[in-house]
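Asker: Fold the following and give me the result.
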Amino acid sequence: MNTTFYKLFAIEYKRFARNPISILGFIVVFTIGVYAIFHGKNTIAHQEETIDTIADIQEQELAKNKQFFSDDLSHFTYYQFYYTQNEPSEWAAFSIGQRDINNYSLKVRILAVEGQLYDTELANPMTLLSGNLDLSFLFVVLIPLLIISLCFNLISSRA
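Answerer: The predicted model follows:
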């Protein structure tokens with residue numbers, strides 16, 4: 001084993017441990033990371049529960065409309081709603097993106113489907129103002145800022 005690496009690592013660790021701001025920075029980033037994972041899993045779990053109930057609602061609506069409009073197919077197709085789904089991927093909990101803002105399920109009719117797909121309201125417009133604190137934000141923004149703050153003035157302080 002290379003003992004020089006371990007000696008350098010021990011020296012850098014002592015230097016790092018002496019600075020309480022750097023330890024605080026790591027604690028804050030770690031706490032935000034745990035929260036981001038927890039929030040992402042909860043959001044995706046709620047969306048998956050909602051998507052799972054859509055099939056039952058679709059069957060109930062279909063049975064109700066078959067009962068009311070069994071003799072006239074044109075009324076049946078006009079009044080029948082169909083539910084679309086945008087199921088989350090397995091990695092969606094790490095990067096929610098706009099899944100909590102945009103609809104992940106739409107109720108559409110056969111008549112003029114194109115207009116219904118793009119004429120939807122945002123599910124939660126207040127989230128647009130604050131944004132998401134997900135793991136991708138942590139990796140893209142906060143960890144580079146932490147590295148910059150820890151390495152700032154590193155070269156000039158050793159000279």
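Asker: Phi and psi next, for the residue of the chain most remote from its centre.
Answerer: Distance from the centre of the chain peaks at residue 71, with 45.8 Å (CA atoms, centre = their mean). The phi and psi values for residue 71, taken as degrees, to the nearest 10, are phi -90, psi -20.
Asker: so how far is residue 39 from it?
Answerer: Between residue 71 and residue 39 the computed distance is 51 Å (CB to CB, to the nearest Å). From N, CA and C alone the C-beta is placed, and that goes for glycine too.
Asker: Residue 10 too?
Answerer: Counting by CB to CB, the gap from residue 10 to residue 39 is 37 Å.
Asker: The two: which has the busier surroundings?
Answerer: When neighbours are counted by other CB atoms under 10 Å, residue 39 comes out ahead of the other of residue 10 and residue 39, with 17 against 10.
Asker: May I ask which helix or strand encompasses the more buried one?
Answerer: Using DSSP states H and E, residue 39 falls within helix 20-68.
Asker: so what does that helix touch, helix or strand wise?
Answerer: Contact partners of helix 20-68 among helices and strands, from 3 or more CB pairs under 8 Å, 6 or more residues apart in numbering; DSSP states H and E: helix 3-18, helix 73-79, strand 81-85, strand 105-109, helix 135-137, helix 143-151.
Asker: please redo it, this time with the cut-off set to 6 Å
Answerer: Secondary-structure packing of helix 20-68 (3 or more CB pairs under 6 Å, 6 or more residues apart in numbering; DSSP states H and E): strand 81-85, helix 143-151.
Asker: what's the offset of it from the middle of its chain?
Answerer: Distance of helix 20-68 from the chain centroid (CA atoms, centre = their mean, to the nearest Å) equals 8 Å.
Asker: Then stretch 10-19?
Answerer: Chain-centre distance of stretch 10-19: 36 Å, with CA atoms, centre = their mean.
Asker: ok, and for it, which residues are buried?
Answerer: For stretch 10-19, burial by neighbour count (16 or more other CB atoms under 10 Å) applies to no residue.
Asker: and if you look at stretch 62-79?
Answerer: Neighbour-count burial for stretch 62-79 [16+ other CB under 10 Å]: 65, 69.
Asker: Show residues contacting it.
Answerer: For stretch 62-79, contacts defined as CB atoms under 6 Å, 6 or more residues apart in numbering pick out 80, 110.
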